[in-house]
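1. A structural model of the following input is requested.
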Amino acid sequence: MTGIFILDKPEGFTSFDAVAVARRLFGQKKIGHTGTLDPMATGVLPLLLGRATRAESLLPDTEKEYRASFALGTRTGTGDITGETIDHTDARVSREQLFAVLPRFRGEILQVPPMYSAVKKDGKRLYELARKGIEVEREARPVTIERLELLRFDEEQQAGELLVSCSKGTYIRALIEDLAAAAGTLGTMTALRRTRACGFSLAEAVPLDEARRLAETEDLSALVRPVEGLFAVYPAVTVSTAQAARFANGGALEKARTSLRGNPLADGERLRVLGPDGQFLGLAETAEGELRVLRLFCEPSPGRKETQA
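-> So this is what the prediction gives:
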């Protein structure tokens, strides 16, 4: 089976745990995921089935959206409540103080990744060093915060919730710590729920318990979405039967012989290539007047050897 299964990941599961469960539910080994989600986090985790695993390295950098709960006044070694408290302050802030610092963190900002992260330093994951008690200098990296809202804040409890829409590579734990510091206090993330990823929303996600229940009584294939949905941000071009056969066999297409003739596409543009029946064949990239195969997702033609094109 090939396609995308949108899982609502439960708390306490790693992304790899979710893949292992999906392999049992769907009865197939070839399943991957679109990016890690911390064990304490819940929410949207698109899983790639079958030939859809080829999409992992080609995913567009679409925004991710989160609802993040936080508590002020403490800081932990991990940036969230799974870690030990390493600092505390009695400083208290008001709702107005938090609102005042929010604009500083909208748009493109520089963020230092936390030690407990998968970012590499000299060939080693930062979390591997952190678990040994080693802290190293980390370079700040640019990330984009498209939307940042304070959904609620209890001044007495010094706790609240944020809505964050951001680019790939943004660490919400670090964002909360930086927001708290800007307001004159400390901060820790207490919960995280991803509500959008890869163009899919929480409303489209299936809770794990429900997937398990359905697997016992129904065919889960009805819950699997077409792989093309991952690339909806790219324009589509429909080709003829002969062109579809050529493309499906790894051959490049002359742009001038497609419906794109006269369209001034720059080299490096990505397109969804559809057959005359609307079937998604794969991704193409423009180069020197041609549509060249970037990755195929269609079933191989009879007699054609399976490739990683």
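2. what is residue 74 paired to in the beta sheet?
-> In this entry, residue 74 is beta-bridged to residue 88, by DSSP bridges.
3. what strands line up against the lengthiest strand in the chain, and which way round?
-> Taking DSSP state E as the criterion, the chain has its longest strand at strand 141-154. When pairs are called by DSSP bridges, strand 141-154 turns out to pair with strand 107-111 (antiparallel), strand 159-166 (antiparallel).
4. can I get these in TSV with distance to residue 280, mean neighbour count and mean pLDDT?
-> Glycine gets a C-beta too; all of them are placed from N, C-alpha and C. TSV is the format used below for the strands paired with strand 141-154 (distance: least, CB to CB, whole Å; neighbours: other CB atoms under 10 Å; pLDDT from 0 to 100):
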stretch	distance to residue 280	mean neighbour count	mean pLDDT
strand 107-111	33	13	96
strand 159-166	27	20	98
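5. so which of these gets nearest residue 98?
-> Across the strands paired with strand 141-154, the minimum distance to residue 98, taken as CB to CB, is reached by strand 159-166, at 7.4 Å.
6. the longest strand of the chain - what's its average pLDDT?
-> Mean pLDDT, strand 141-154: 97.
7. how about the helix or strand hosting residue 19 as CSV, C-alpha atoms only?
-> Taking DSSP states H and E as the criterion, residue 19 maps to helix 15-26. Extracted in CSV, the C-alpha atoms of helix 15-26 (Å, rounded to 0.1, in the frame of the first residue of the first chain):
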residue,chain,number,x,y,z
SER,A,15,8.1,8.9,16.1
PHE,A,16,9.8,5.6,15.7
ASP,A,17,7.3,4.0,18.1
ALA,A,18,4.5,5.3,15.9
VAL,A,19,6.1,3.8,12.8
ALA,A,20,6.5,0.4,14.6
VAL,A,21,2.8,0.4,15.5
ALA,A,22,1.8,1.4,12.0
ARG,A,23,3.8,-1.4,10.5
ARG,A,24,1.8,-3.9,12.6
LEU,A,25,-1.5,-2.2,11.8
PHE,A,26,-1.0,-2.1,8.1
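8. what's the next secondary structure element after it?
-> strand 31-33.
9. so what's residue 38 up against?
-> Going by CB atoms under 8 Å, 6 or more residues apart in numbering, residue 38 touches 80, 192.
10. same question, residue 241
-> When contacts are counted by CB under 8 Å, 6+ apart, residue 241 touches 275, 276.
11. measure it to residue 251 for me?
-> 14 Å (CB to CB, to the nearest Å).
12. hey, where'd the helices end up in the stretch 51-200 of the chain?
-> With helices called from DSSP state H, counting those that start in this stretch, the stretch 51-200 of the chain shows them at 95-101, 126-131, 172-182.
13. which of these sits most buried?
-> helix 172-182 (a mean of 21; mean count of other CB atoms under 10 Å).
14. so that helix versus strand 141-154, what angle?
-> 70 degrees (axes from the mean of the first three to the mean of the last three CA atoms, to 10 degrees).
15. helices or strands up against helix 172-182?
-> Judged by 3 or more CB pairs under 8 Å, 6 or more residues apart in numbering; DSSP states H and E, helix 172-182 is in contact with strand 64-72, helix 95-101, strand 107-111, strand 159-166, strand 187-197.
16. can you dump the C-alpha atoms of it in PDB for me?
-> Taking Å, rounded to 0.1, in the frame of the first residue of the first chain, the C-alpha atoms of helix 172-182 are listed here in PDB:
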ATOM      1  CA  ILE A 172       9.300  25.700  20.600                       C
ATOM      2  CA  ARG A 173      11.100  24.900  23.900                       C
ATOM      3  CA  ALA A 174      13.700  27.400  23.000                       C
ATOM      4  CA  LEU A 175      11.100  30.000  21.900                       C
ATOM      5  CA  ILE A 176       9.400  29.800  25.300                       C
ATOM      6  CA  GLU A 177      12.700  30.200  27.100                       C
ATOM      7  CA  ASP A 178      13.600  33.200  25.000                       C
ATOM      8  CA  LEU A 179      10.200  34.800  25.400                       C
ATOM      9  CA  ALA A 180      10.400  34.400  29.100                       C
ATOM     10  CA  ALA A 181      13.900  35.900  29.300                       C
ATOM     11  CA  ALA A 182      12.700  38.900  27.200                       C
END
